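K.L.:
Sharing a model that was predicted from the sequence below.
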Amino acid sequence: MLSKIYTILFPVIFLISLPVGATFAQINFTEHTVGQLGEASSVYAVDLDTDGDVDILGSGYEVRQIACWLNDGDQEFSFDVIAAGFNGAVSVHAADINADGNLDVIAGATNDGSIRWWAGDGEGNFNENVITNNFRTVRAIYPVDLDSDGDVDVLGASYSNHVINWWENDGNGNFSEQSVGANYARANSVYAVDIDSDGDIDVISGSGWGEEVAVWWENNGNEQFQRNNLNGGAASVVYAEDIDSDGDMDILGGAQYSDAFYWWENNGEGDPEFQVHMISDQVNDPAGLSVADLDADGDNDLLCAVWAEGTFKWWENDGDEQFREILISDSLNGACSIQALDIDADGDLDVVGAARGASDRILWWESDLAEDEPVPPDTCDLVSPANDSVLADLSMQLNWTRVNGPDEEVIITYQPQWSATEDFAGFEMQDTENDTFFVFENLEDDSDYWWRVQATDPNTELTSISNQTWHFITSMPEPPSPFNLLTPENEVIISVDDSRNTSMSWELSADPDPGDTTQYDTYILITGLDEPISLQFLNLIETSISIDYPEILLRSDIEYWEESLLVNWYVETISGADTIDCNSEFSFRIEANSGVPSGPSGSVIKDFEILSTYPNPFNSTTSIRYSLPVSSEVSISLFDLNGCRVTNLLNGWKSTGMHVAAIEAATLPAGLYIVRLEANEMLLLQKVAVIK
């Protein structure tokens, strides 16, 4: 019996899309037994029945079987024997040999000197076919389209014939034997890939017992092969992959007796040269190799089944091809085959392996890497406008809270989303980067809007949607209705006596907006005096106001009133946020008569006195009318009840006669005040009241 069989697996690599730059905890592997198989010599994982989950093939050297374990999708495996009586079964693979769209199985039998393939029908049934029965002590096979004609050929390494041969497929599953290279002592492993990047497939081989160095056989394009020795030492098993991610194929090798594990770096030239790198010199009898990005960090890691140690290991690549050895499992006598594949379809690479000797098992190790995969950012809360708001504007700022991502250094970005329907069918979205607000413009009036916010982690592109979906309605306010002034009629003439308690009236202005109440502001300007008189009556509820014009006019310096006074007036209506003016401004004239002095020929001023204060109380402006019997320096000040001066109204020379001083209440708090008037060593006081 052959003491040990070296095998190398050539897996179909399933790429896992995990974010570059993500960090993960140390991978932990949980061991599962797929099944027992006497002196299990190789393993190959593939979706054999095309049902979307990964099945497992195995070869049993002692039990002379090719077996499969079909995965039910929950990693419960059902056992079936594809071939029995296959003496010294080794190196099992799967490929579509007859190009019918179904995966077939291919393997070698060391003791039979046989290479055979089993045609699969896609439903788990297989029909045996012979490639050769004359390839003594076949140690390794590899299915590959070596002549690039579109069908799968087969490579083989013969331990006792000392040759590397290939069998050309005619496209119908019939094979003719061809030579790659002879006199290669104890040929033990074989692999094929385009080493020199010239578009054709080259061959790599390893020698058992360390009698030959590792070799790559250059294909001249017509399947004539030239031997090229790799410097640096022998290799029992070989594999090829772009280990340093520079775009060319490097070669991985393990040496049986030197316990060496190394890779040859390809310089990428048309006639490539290789620099050897030692990975470890403490690997006791490497027997199976594979390459995969096991930790999903964007670089290739190395896997090895170590026969004498009974261990399965991987070497983590730091991205600069510095490798750290990590144990997957030990105490598995005769570890001989290893492969990485996502067995449980959870997004990370698991490991499958075969162990001979006392173990006699096919196993898989479940990775927990997917448990540490990135998580989305927190969900944000909406802030304003409040849910179900009615907005009287066609431009609105949406506001929400800032959230955190799993990585505190990553700045989360936000995308407000809005829709005219509650189910967000056909929603629109805006990228606001890292702002937590968005000014929503060009809204439609009388429309419903639903909105929410998506938070995105820019590193992982994972998203979360806000905890709430809020709604608002746009309803632009309508202005009050237009209205006209009524009385006094425009441009009438009124005598001073008739202008007592003059009723100024206007039409009602109605507001169609629910809940809004109209109020009126009346503005009056009297001209024709030395100084115009401006009156304001604000926040009126009624549509009229009564004005005693003679009382107002007596506040004025009537010596400059020559013939008539012009009164201009208009009204504004205010309702909610709307303001509208009356349709036109009215005016009327007030003519002088004997009731009011019209000039210097009027009454003689005899006393220094305050004649009137109107209006009093007041909320905007009032006027102090006073008389001077002689010309003098006049000072008028306003004091509060604590005796503190509030403001100076006048400091200056005034002539004999009647005069007016105005008090503005815009900046005055409501309350009582004292007017202090001083002239010609005389003092007068007048109490006034400000109301708000």
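P.N.:
Great, that's in hand.

K.L.:
Going by C-alpha atoms from here, please, whenever you check contacts or count neighbours.
P.N.:
OK.

K.L.:
Can you show me the helices along the chain?
P.N.:
Secondary structure of the chain, counting by DSSP state H: helices at 549-553.

K.L.:
For Phe437, see how far away the residue sitting nearest the centre point of it is.
P.N.:
For the chain, the residue nearest the mean C-alpha position is Thr456 (1.9 Å; C-alpha atoms, centre = their mean). Separation of Thr456 from Phe437 (C-alpha to C-alpha, to the nearest Å) stands at 15 Å.

K.L.:
what's the answer for Asp200, then?
P.N.:
For Asp200, the distance to Phe437 - C-alpha to C-alpha - is 58 Å.

K.L.:
Likewise for Met682?
P.N.:
Taking C-alpha to C-alpha, one finds Met682 at 66 Å from Phe437.

K.L.:
do Val163 as well
P.N.:
For Val163, the distance to Phe437 equals 73 Å [C-alpha to C-alpha].

K.L.:
Can you pull out the residues in contact with the lowest-mean-pLDDT helix or strand in the chain?
P.N.:
One helix or strand of the chain scores below all others by mean pLDDT, DSSP states H and E: helix 549-553, with a mean of 75. Residues outside helix 549-553 that contact it (C-alpha atoms under 8 Å, 6 or more residues apart in numbering) are 496-497, 499-502, 614.

K.L.:
again, only using 7 Å
P.N.:
Contact partners of helix 549-553, identified using C-alpha atoms under 7 Å, 6 or more residues apart in numbering, comprise 496, 499-500, 614.

K.L.:
Is Pro286 bridged to anything, and to what?
P.N.:
Using DSSP bridges, the bridge partners assigned to Pro286 are Val306.

K.L.:
let me redo that: Ala679
P.N.:
On the basis of DSSP bridges, Ala679 is bridged to Val634, Met682.

K.L.:
so where is this structure shaky, pLDDT-wise?
P.N.:
Within the chain, the segments meeting pLDDT under 70 span 1-25, 210, 372-373, 554-563, 577, 592-605.

K.L.:
now the strands: where do they sit in the stretch 451-600 of the chain?
P.N.:
Using DSSP state E, counting those that start in this stretch, the strands assigned to the stretch 451-600 of the chain run over residues 463-465, 470-474, 485-487, 492-495, 502-506, 519-527, 533-540, 544-547, 564-575, 578-581, 586-591.

K.L.:
With distance to Leu628 and mean neighbour count as extra columns, can I get those strands in CSV?
P.N.:
As requested, the strands of the stretch 451-600 of the chain are arranged in CSV below (distance: least, C-alpha to C-alpha, whole Å; neighbours: other C-alpha atoms under 10 Å):
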stretch, distance to Leu628, mean neighbour count
strand 463-465, 80, 19
strand 470-474, 63, 20
strand 485-487, 38, 18
strand 492-495, 28, 16
strand 502-506, 31, 18
strand 519-527, 24, 19
strand 533-540, 21, 15
strand 544-547, 28, 14
strand 564-575, 24, 21
strand 578-581, 42, 16
strand 586-591, 26, 20
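
K.L.:
Of the contacts of helix 549-553 - the most surrounded one?
P.N.:
When the contacts of helix 549-553 are compared by neighbour count (other C-alpha atoms under 10 Å), Val496 ends up highest, at 22 neighbours.

K.L.:
distance of that one from Ser207?
P.N.:
For Val496 relative to Ser207 (C-alpha to C-alpha), the value is 130 Å.

K.L.:
Please apply the same query to Asn266.
P.N.:
On the measure of C-alpha to C-alpha, Asn266 and Ser207 end up 21 Å apart.

K.L.:
When those two are compared, which one has more neighbours?
P.N.:
With neighbours defined as other C-alpha under 10 Å, Asn266 and Ser207 compare such that Ser207 has more, 27 against 23.

K.L.:
Now for the more buried one: which residues touch it?
P.N.:
185-189, 213-214, 235-236.

K.L.:
can you check Asn133 too?
P.N.:
Contacts of Asn133 were listed using C-alpha under 7 Å, 6+ apart, and they are 112-115.

K.L.:
Torsion angles phi and psi at it?
P.N.:
For Asn133, the backbone dihedrals (degrees, to the nearest 10) come out as phi -120, psi 10.

K.L.:
State the distance from it to Thr110.
P.N.:
Taken as C-alpha to C-alpha, the span from Asn133 to Thr110 is 10 Å.

K.L.:
Likewise for Trp569?
P.N.:
From Trp569 to Thr110 the distance is 117 Å (C-alpha to C-alpha).
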